[in-house]
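*Asks:* here is my input; please provide its structure:
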Amino acid sequence: MVISNELICIAPTGDWCGEGVIWHPEEKAVFWVDNRRNLVHRFLVEDQSTRTWLFDETVAALALTVDPGVLCVVLGSRLILWSPATDERLPFGGSLEGWPQVRLNEAGVDPRGFLWLGSMGNNLYPDGTRREVPKSDGSLFQLDREGALSRKVGGIGVANTIAWSPDRENFYSADSLENEVRVYQYDLEKGGIHSPRPFFKGFPRGLPDGSAIDSEGSLWNCRYGGGCIVRVSDRGEIQAIVESPALNVTSCAFGGAGLDTLYVTSAISDASPRSRFDGGLFAVRPGVCGYADNARRMRL
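*Replies:* Numbers count the residues shown, from 1 in each chain. The predicted structure follows:
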């Protein structure tokens, strides 16, 4: 099934690699990053305006915190707390061992308020040197109470997608290089994950990137290089496909007053010909809403 609702480009920012989109309820805004240009963008829904901030290294992801005026910014090597209103930036720990050979790449807040992060072998060093991503240098981490990264899973190629089911029993994460989204059992009491198994594997259109969960428990997976977003049921069955005018679809998040809008980031394509929409921020109303836990807040 292909959903006919069209992805509309609402901010043609031309991101080299847009990622990490989140919805900020208090600001009625969408925040996202361009991890190649070290940028954070904000799109205000009411006046359709975009503002951009520059950081001093790769900006991989963002997370809401219990303080609405403060975001956690996941840099390639570490975490900082950032206040958009004043541009104050404070260190917050989470130093990644092995930087710059490896870098942080993904983030999400669990049902207990703890931050989870995914990493990968660095494909772009700080001096601009590029390399192929090794197949097993990535990991999944949880930020512990002391501000250190506790490795939970290793041997991942590129760790993308960090999401929990509405019933809080399952945790989803992808290894992009293996073209596989995996599901783990999530232990709400202890905050751990175990018993991984394949959930959505081998889909021929692109590779799995970021994802969001809707109120019915289905996963919306962005397909890098595949020009689409796939809605997958909690049984791993394809329910719908949303076509994208941008080839490299990277991350998505439900937002808006009723969580009825899916905001989607993209990256400039190396394919020829390129779409004039590549690297923009998109929006679509897919006919299903997100759920309140999509906007979980990280404890400080």
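
*Asks:* which one's the longest strand in this structure?
*Replies:* Scanning the chain for the strand with the most residues, using DSSP state E, yields strand 192-201.

*Asks:* ok, and what's touching the helix or strand just after it?
*Replies:* Tracing the chain past strand 192-201, the next element assigned as helix or strand by DSSP states H and E is strand 207-213. Contacts to strand 207-213, defined as C-beta atoms under 8 Å, 6 or more residues apart in numbering, come from residues 19-21, 106, 160-161, 163-166, 172, 174, 176-177, 179-181, 200, 219-226, 249-254, 262, 265, 290-291, 294. (C-beta placed from N, C-alpha, C; glycine too.)

*Asks:* now, of the residues you listed, which are buried?
*Replies:* Neighbour counting by 16 or more other C-beta atoms under 10 Å classes 19-21, 106, 160-161, 163-166, 172, 174, 176-177, 179-181, 200, 219-226, 249-254, 262, 265, 290-291, 294 among the contacts of strand 207-213 as buried.

*Asks:* restricted to strands, list those residues.
*Replies:* Taking DSSP E, the ones among the buried ones among the contacts of strand 207-213 that sit in strands are 19-21, 106, 160-161, 163-164, 172, 174, 180-181, 200, 219-224, 249-254, 262, 265.

*Asks:* pLDDT wise, what is the nearest residue to S49 once chain neighbours are set aside at?
*Replies:* The shortest distance from S49 to any non-neighbouring residue, by C-beta to C-beta, 6 or more residues apart in numbering, is to F43 (7.4 Å). Note for F43: predicted pLDDT of 98.

*Asks:* distance of F43 from R297?
*Replies:* For F43, the distance to R297 equals 20 Å [C-beta to C-beta, to the nearest Å].

*Asks:* who has more neighbours, these two?
*Replies:* Neighbours per residue (other C-beta atoms under 10 Å) separate F43 from R297, with F43 holding more: 22 against 14.

*Asks:* that one reaches L281, doesn't it?
*Replies:* Yes - with contact defined as C-beta atoms under 8 Å, F43 and L281 form a contacting pair (6.1 Å).

*Asks:* common neighbours of these two, please.
*Replies:* Contacts common to F43 and L281, judged by C-beta under 8 Å, 6+ apart, are I10, A11, V30, W32.

*Asks:* make JSON lines from those and add secondary structure, pLDDT and neighbour count to it.
*Replies:* Listed next are the shared contacts of F43 and L281 as JSON lines, based on DSSP: H, G, I helix; E, B strand; the rest coil; pLDDT from 0 to 100; neighbours: other C-beta atoms under 10 Å:
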{"residue": "I10", "secondary structure": "strand", "pLDDT": "97", "neighbour count": "18"}
{"residue": "A11", "secondary structure": "strand", "pLDDT": "98", "neighbour count": "22"}
{"residue": "V30", "secondary structure": "strand", "pLDDT": "98", "neighbour count": "26"}
{"residue": "W32", "secondary structure": "strand", "pLDDT": "98", "neighbour count": "28"}
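
*Asks:* out of those residues, which is nearest to V230?
*Replies:* Nearest to V230 among the shared contacts of F43 and L281 is W32, at 20.1 Å by C-beta to C-beta.

*Asks:* what about T50, neighbour count?
*Replies:* By other C-beta under 10 Å, the residues close to T50 number 15.

*Asks:* now do the SS call for it.
*Replies:* The assignment at T50 comes out as strand when based on DSSP: H, G, I helix; E, B strand; the rest coil.

*Asks:* OK, contacts around it?
*Replies:* A11, T13, H41, R42, F43, L44.

*Asks:* for the residue nearest to S49, pull up the helix or strand it's in.
*Replies:* Element membership for F43 (DSSP H and E) is strand 39-44.
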